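Enquirer: predicted model follows, preceded by the sequence.
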Amino acid sequence: MAEGEQEQNEAAGGQNAGQDDQQFFVQKVYLKDLSFESPQTPDIFTRSDWSPEVSVQVGNNATRLSDNAFETELTITVTATHEEKTVYLAEVQYAGVFTIKGFEDGTRRQLLGAYCPTLIFPYIRETVSDLVMKGGFPQMVLQPINFDALYAQHEQQQAAQAEAPADSRPN
């Protein structure tokens, strides 16, 4: 090996030394909870004039399991209504166990609040689609979700609440 190449390799090793202590990997992704209700069946299937309004709610939560293991839960609730009556309600919760080691708190929170839900989303998307179709309804394709933007919005809300005067906070 030429002297210049050896110096470059040593320099690269020195730059990566702190990063070698950082670990992120997926231990497991799993279905945690599943619910489907269709209170208007079978009558809704005989209607030709229905065009449901569909709403999608997203929630996620992270929990520390041990020093370096964390669980991130992602919940999607899809509600279809027609004339203010629920046609179907599908709620799916997927979770993942992740090893996260050697990251600063802010980076770890961002991984748990944005990156991990992004990894879980394809699983939940497929399950919601299959669940709605098995309920006898047209396929429900969830649009992509920008979890980075949702996380940034959440952080801004938290910062704004922290800056609010103490007397204006709800008790």
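Expert: Looks like it came in fine.
Enquirer: which stretches in the chain count as strands?
Expert: 23-37, 53-64, 69-82, 85-101 (DSSP state E).
Enquirer: distance to Ala159 added to these, as CSV?
Expert: C-beta here means a position set from N, CA and C on the backbone, and glycine is covered the same way. Conversion of the strands of the chain to CSV gives the following (distance: least, C-beta to C-beta, whole Å):
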stretch, distance to Ala159
strand 23-37, 25
strand 53-64, 18
strand 69-82, 22
strand 85-101, 23
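Enquirer: put together CSV for those strands, with mean pLDDT, mean neighbour count and distance to Asp43 on each row.
Expert: Below are the strands of the chain laid out as CSV (pLDDT from 0 to 100; neighbours: other C-beta atoms under 10 Å; distance: least, C-beta to C-beta, whole Å):
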stretch, mean pLDDT, mean neighbour count, distance to Asp43
strand 23-37, 97, 13, 15
strand 53-64, 95, 14, 18
strand 69-82, 96, 19, 11
strand 85-101, 97, 20, 10
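Enquirer: and the pLDDT for the closest residue to Pro144 other than its chain neighbours?
Expert: Counting by C-beta to C-beta, 6 or more residues apart in numbering, Pro144 lies nearest to Phe121, which is 7.9 Å off, once chain neighbours are set aside. Model confidence at Phe121, given as pLDDT, is 97.
Enquirer: what sits against Phe121?
Expert: 74, 144-145, 147 (C-beta atoms under 8 Å, 6 or more residues apart in numbering).
Enquirer: quick check on the residues you listed: which are buried?
Expert: 74, 145, 147 (16 or more other C-beta atoms under 10 Å).
Enquirer: need the residues you listed in a markdown table with distance to Asp67, can you?
Expert: Below are these laid out as a markdown table (distance: C-beta to C-beta, whole Å):
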| residue | distance to Asp67 |
| --- | --- |
| Leu74 | 23 |
| Ile145 | 30 |
| Phe147 | 25 |
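Enquirer: and those residues, which is closest to Ala80?
Expert: Ala80 lies nearest to Ile145 out of those, by C-beta to C-beta, at 18.6 Å.
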